[in-house]
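*Asks:* Sequence first, predicted model second:
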Amino acid sequence: MGWDVVRVNYLGDLGQQFGWLSVGWEQYCSDKFLQAQLLKHLLDVYVKINAEFKPEKAACKQARDEGRDTTEIKSQGLFAKHNAFLQRMEDDDEEALRYGNDPVTSASSDTTTYTLGLESTLMYAGESQVNPATVAEVEPILKEKGVY
């Protein structure tokens with residue numbers, strides 16, 4: 001009927017998952033598999049690192065269930081690697097940002113054509129793209145106005 005229809009598919013907060021993928025990338029990434037089957041290899045890496053993380057996750061859950069502090073658990077092992085990587089990204093570490101953007105950039109294109117002949121323009125946006133300096137500037141204004 002000639003209507004312009006816009007649909008937004010929100011994929012959710014990818015921060016934590018991206019942190020795990022990045023830790024797995026450092027440990028398991030293979031250029032050979034990356035070139036041959038990018039998305040399959042990224043999924044395999046993600047599955048491997050999550051399997052390796054399960055004991056730490058279980059220990060953290062048990063500590064929480066028992067009312068214990070989880071700070072020590074989260075300061076060691078894969079938790080520490082994950083948090084350190086995300087912190088490097090927040091601190092605008094060029095290597096972490098370049099490295100962090102590579103899998104997404106390589107796996108995406110501006111336009112994807114689906115089997116039904118529909119075209120979709122891919123756009124990546126989220127709170128992780130907001131500059132911390134902007135947050136520091138806006139937050140007091142929102143508090144002052146009673147919005148935050």
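*Replies:* Done, it's in. Numbers count the residues shown, from 1 in each chain.
*Asks:* Once you drop chain neighbours, what's closest to Gln17?
*Replies:* Tyr46 (7.3 Å; Cβ to Cβ, 6 or more residues apart in numbering). Glycine gets a C-beta too; all of them are placed from N, C-alpha and C.
*Asks:* Kindly state the pLDDT recorded for that neighbour?
*Replies:* You'll see Tyr46 listed with a pLDDT of 87.
*Asks:* looking at it, it is touching Gln16, isn't it?
*Replies:* No. Contact criterion Cβ atoms under 8 Å: Tyr46 and Gln16 do not qualify, at 11.5 Å.
*Asks:* Show me which of those two is the more surrounded one.
*Replies:* Tyr46 (19 against 11; other Cβ atoms under 10 Å).
*Asks:* for the helix or strand hosting that one, packing partners?
*Replies:* Using DSSP states H and E, Tyr46 falls within helix 38-65. Here helix 38-65 touches helix 15-28, helix 31-36, helix 71-74, helix 77-90, helix 94-107, going by 3 or more Cβ pairs under 8 Å, 6 or more residues apart in numbering; DSSP states H and E.
*Asks:* Could you list the buried residues of that helix?
*Replies:* 41-42, 44-46, 49-50, 52-53, 56, 59-60, 63 (16 or more other Cβ atoms under 10 Å).
*Asks:* hang on, the earlier thing: can you tell which of the helices and strands packed on helix 38-65 is closest to Gly2?
*Replies:* Nearest to Gly2, of all these, is helix 94-107, at 33.2 Å by Cβ to Cβ.
*Asks:* still on that earlier bit, ok now the helix holding Tyr46, how far from the chain's centre?
*Replies:* 14 Å (Cα atoms, centre = their mean, to the nearest Å).
*Asks:* how far off helix 77-90 does it point, in degrees?
*Replies:* 110 degrees (axes from the mean of the first three to the mean of the last three Cα atoms, to 10 degrees).
*Asks:* With Gly77 as the reference, measure out to the residue nearest to the spatial centre of the chain.
*Replies:* Nearest to the mean C-alpha position of the chain, by Cα atoms, centre = their mean, lies Phe18 at 2.6 Å. In this view, Phe18 and Gly77 are 19 Å apart by Cβ to Cβ, to the nearest Å.
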